[in-house]
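*Asks:* What would the 3D arrangement of this be:
(2 chains)
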Protein chains: 2
Amino acid sequence: MFGARCLLRALRSCSSAPCPRHRPAARVSVRGALGVQSANGERVKVQGWIRSIRSQKEVLFLHVNDGSSLESLQVVADSSFDSRELAFGSSVEVQGQLVKSPSKKQNVELKAEKIEVVGNCDAKAFPVKYKERHPLEYLRQYPHLRCRTNVLGSVLRVRSEATAAIHSFFKDSGFVHIHTPVITSNDCEGAGELFQVEPSSKIKVPEENFFNIPVFLTVSGQLHLEVMSGAFTQVFTFGPTFRAENSQSRRHLAEFYMVEAEISFLESLQDLMQVMESLFKTTAMTVLSNCPKDVELCHKFIAPGQKDRLEHMLKNNFLVISYTEAVEILKQASQNFTFTPEWGADLHTEHEKYLVKHCGDIPVFVINYPLALKPFYMRDNEDGPQHTVAAVDLLVPGVGELFGGSLREERYHFLEQRLARLGLTEAYQWYLDLRRFGSVPHGGFGMGFERYLQCILGIDNIKDVIPFPRFTHSCLL
Amino acid sequence: MFGARCLLRALRSCSSAPCPRHRPAARVSVRGALGVQSANGERVKVQGWIRSIRSQKEVLFLHVNDGSSLESLQVVADSSFDSRELAFGSSVEVQGQLVKSPSKKQNVELKAEKIEVVGNCDAKAFPVKYKERHPLEYLRQYPHLRCRTNVLGSVLRVRSEATAAIHSFFKDSGFVHIHTPVITSNDCEGAGELFQVEPSSKIKVPEENFFNIPVFLTVSGQLHLEVMSGAFTQVFTFGPTFRAENSQSRRHLAEFYMVEAEISFLESLQDLMQVMESLFKTTAMTVLSNCPKDVELCHKFIAPGQKDRLEHMLKNNFLVISYTEAVEILKQASQNFTFTPEWGADLHTEHEKYLVKHCGDIPVFVINYPLALKPFYMRDNEDGPQHTVAAVDLLVPGVGELFGGSLREERYHFLEQRLARLGLTEAYQWYLDLRRFGSVPHGGFGMGFERYLQCILGIDNIKDVIPFPRFTHSCLL
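*Replies:* As a prediction, the model looks like this:
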């Protein structure tokens, strides 16, 4: 290590006066270094954290990772570089030459000329232990450190790629991106599970209420998107949504992300389902192609068999059944359900699971739900005694409900009557306005982003696909 | 109109049995239609809202807009199509042939074969009036309808393009996107202007407090990004942030968007400023190139002179002065300030304005602020009696502070001492942990996205560059 330090000092003293023998090395990411096709002694500088260290008689092997990829870069150094500071978790800067690796495990390795420990790691106190595969439950206790493990690293890189892929999907299809508000005065359908927002008790606000009216955290950007679809025809939003649900389930969070789209001049659920299926498949294909190793890690170590299950979903057309058909299927099932399936009642998780299994583990759209089960804005199918609305849910293997959508009631008088029955006419006058001024048939959907990641990667618990999970009794950091 | 309806009905009856004479027209967006280089009678279907209507003896001219572009498509129809329903604001579906336009105003026009009014518009009640250029203040009363005007349409398309450009900028530079949490238990620096979050009084929660501890809406994702930069080296977030500021200013909102980045192994403000300047310029260039007409509208009608001001900013290198130099400049100014400039005091808006003007209306970085003015996490410059930290703000013409950033204190003992002095050691143990386990020099910044849009477009009031503004006493929809 002293050798390295001395060399580094030498390089530093060079840096003010140009020094031909030690031209400054180009800084590259680990991903960049690993991507060099035929390494030929290029002088580079790599910075990252030590993921493994192996000392042999005359050679020292380090694996350095900077989070740009799952793979680490192998650093090969003379054993004189060895030092107690070069330990798992510490941060280092390595300069040297990129060369072809003699091993078949990697294409490229870095022949170290200088190694500097940037920051030590207190190994005893570090909750992430060398060479241990920690259970995800254990890691959840350390939201500030778990991202430094292989699994969380891969999951969050996939999350980042999927985010970009979703933005591209909509942009390429001509959608305008809208930031729908987080704080809203409309309590959407009078749903119960709302978070309320007030200025902190620490500060004085002249009015008792900052906004003059009670405000809440949004449960959906749909109504605001409908406003925008009346101007831009095709719009989407991708932001945080909130439910004060007292749930410890592996599918619920108090703060989660939703991808929502709204499309004007759309007249059929078929057209809507086409966009939903296309979003699901295009995003998955992009992720698989852009971070194959990260996906592979999850499919191999977290969810064996998930690779085949995902391929099965991607290569088959999603199925469509009506709610009425779904209830018939459930009634004829040999399985005993906790909630007896009945026309007019909600589908429960156990029902969703059965339906997906029944459909051969292919995602299945369930359409045309009872009007009485659904919110006021869904389009009336006007279909007699078993009165339904043009709603659609997408059920997927392992996760259950992934998308929810509908055609919206664009006919002024239909909507007015439903609002009047709920005593909401006044509160939703602006929403009625959208039907007074150039109303158009339209529809849209929302997709739970975390559930989507669970579905792609096979991650069982939703708390492991979001950087900082918020749920009942827990808001760490 | 009857003619159109009859034709449409005929087309519909054809659609089940293929009808060679009336093949279904391809649906195109207005943008798509206007982009056809040499129109040659292609049969298309266009859907949108009527923006203008002009009836001549034998010909009817309509302009149809669907929000895909600022420009509308000119529809030319036989006067027999005329009807009272064909009015400003109503939604229509037009089928016909795309042909070269004889006028020089447009390349292409649509020769209508069928026109269907999809939804009427109650012109008397419609707050947007035909051929009127409404003041932005007037339109703010109608957040559900103002997006249907040219100006708001352009601003929100630019917002969407800028959002995409920012995501691309970071992705292309190897940053990982992170969704930092909106609800947080850390009240960042003990800042006062926080919104607190509680489950709505309407619902029963077993515990008095849903999360067991008081939680707030985030004022910055920085600390969470620092966690992530310790795993991925380069990270960014782009999400909503909140301040319960009792301000009616044209530069403040209670809910606004921030672009934040955090970079590990970054050792100098110079490197940080390079990323900031590059983000500013790359995004602006992308927006200018992708929606020139939308930007032009703002530069022409809302902010005359802004085109030149923006070009001036883009073609010059941003300037750098220290806080100490800034105070000297202000002291020597002939101008009388409300707040006397003095070393150790905050720069006020009047000072920022003067400095930008003094620097020739080029954005200027002010660096190295007094330690006493800045939060605990900024890196100590250890520079004697006028004790400063490595902070940087970017001031821009017309808007003032646009970016704020700093190197972060990565040295455990420095940070521990500052936290101890504030009595925050326990609360920020996790933050100290980041310095115990492989600490690295790092830095980052945040950019106010709405202010950025104001700066690019020359829009005076921040409420006009966000779809649904939230500020004191106002949370419409």
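*Asks:* can we go C-alpha only for contacts and neighbour counts from here?
*Replies:* Will do.
*Asks:* what ranges of chain A fall below the confidence cut-off?
*Replies:* Flagging of chain A using pLDDT under 70 yields the residue ranges A:1-23, A:187-192, A:201-208.
*Asks:* quick one, domains of it?
*Replies:* Following the assignment in the TED database, chain A carries domains at A:26-119, A:148-173+A:252-464.
*Asks:* Save these as TSV, and put in distance to B:N461 too.
*Replies:* Formatted as TSV, these follow (distance: least, C-alpha to C-alpha, whole Å):
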stretch	distance to B:N461
domain A:26-119	40
domain A:148-173+A:252-464	24
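*Asks:* Arrange those in JSON lines, one row each, with distance to B:R159 and mean neighbour count as further columns.
*Replies:* Shown next, in JSON lines, are these (distance: least, C-alpha to C-alpha, whole Å; neighbours: other C-alpha atoms under 10 Å in any protein chain shown):
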{"stretch": "domain A:26-119", "distance to B:R159": "29", "mean neighbour count": "20"}
{"stretch": "domain A:148-173+A:252-464", "distance to B:R159": "13", "mean neighbour count": "19"}
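*Asks:* Now distance to chain B too, for the ones you listed, in TSV please.
*Replies:* Below are the domains of chain A laid out as TSV (distance: least, C-alpha to the nearest C-alpha, whole Å):
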stretch	distance to chain B
domain A:26-119	4
domain A:148-173+A:252-464	4
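*Asks:* So what sits opposite A:F242 in the bridge?
*Replies:* A:E255 (DSSP bridges).
*Asks:* Show me where the stretch 151-300 of chain A has its strands.
*Replies:* With DSSP state E, counting those that start in this stretch as the criterion, the stretch 151-300 of chain A has strands at A:176-177, A:183-184, A:195-199, A:215-217, A:234-242, A:255-264.
*Asks:* which helices and strands sit right next to the longest strand belonging to chain A?
*Replies:* Using DSSP state E, we find that the single longest strand of chain A is strand A:42-55. With contacts taken as 3 or more C-alpha pairs under 8 Å, 6 or more residues apart in numbering or on different chains; DSSP states H and E, strand A:42-55 sits against strand A:26-27, strand A:59-65, strand A:91-100.
*Asks:* Could you rerun that using 10 Å?
*Replies:* Here strand A:42-55 touches strand A:26-27, helix A:30-34, strand A:59-65, strand A:73-78, strand A:91-100, strand A:108-119, helix B:222-232, going by 3 or more C-alpha pairs under 10 Å, 6 or more residues apart in numbering or on different chains; DSSP states H and E.
*Asks:* That strand vs strand A:73-78, what angle?
*Replies:* 80 degrees (axes from the mean of the first three to the mean of the last three C-alpha atoms, to 10 degrees).
*Asks:* what sits against the residue lying closest to A:T286 once chain neighbours are set aside?
*Replies:* Spatial nearest neighbour of A:T286, excluding adjacent residues (C-alpha to C-alpha, 6 or more residues apart in numbering or on different chains): A:A165 at 6.5 Å. A:A165 makes contact with A:R159, A:K171, A:L279, A:T282, A:T283, A:A284, A:M285, A:T286, A:V287, A:N290, according to C-alpha atoms under 10 Å, 6 or more residues apart in numbering or on different chains.
*Asks:* out of the helices and strands packed on strand A:42-55, nearest to A:L395?
*Replies:* Set against A:L395 and scored by C-alpha to C-alpha, those come closest in helix B:222-232, at 32.7 Å.
*Asks:* Take the helices and strands packed on strand A:42-55 and lay them out in JSON lines including distance to B:F437.
*Replies:* As requested, the helices and strands packed on strand A:42-55 are arranged in JSON lines below (distance: least, C-alpha to C-alpha, whole Å):
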{"stretch": "strand A:26-27", "distance to B:F437": "23"}
{"stretch": "helix A:30-34", "distance to B:F437": "20"}
{"stretch": "strand A:59-65", "distance to B:F437": "14"}
{"stretch": "strand A:73-78", "distance to B:F437": "20"}
{"stretch": "strand A:91-100", "distance to B:F437": "8"}
{"stretch": "strand A:108-119", "distance to B:F437": "7"}
{"stretch": "helix B:222-232", "distance to B:F437": "9"}
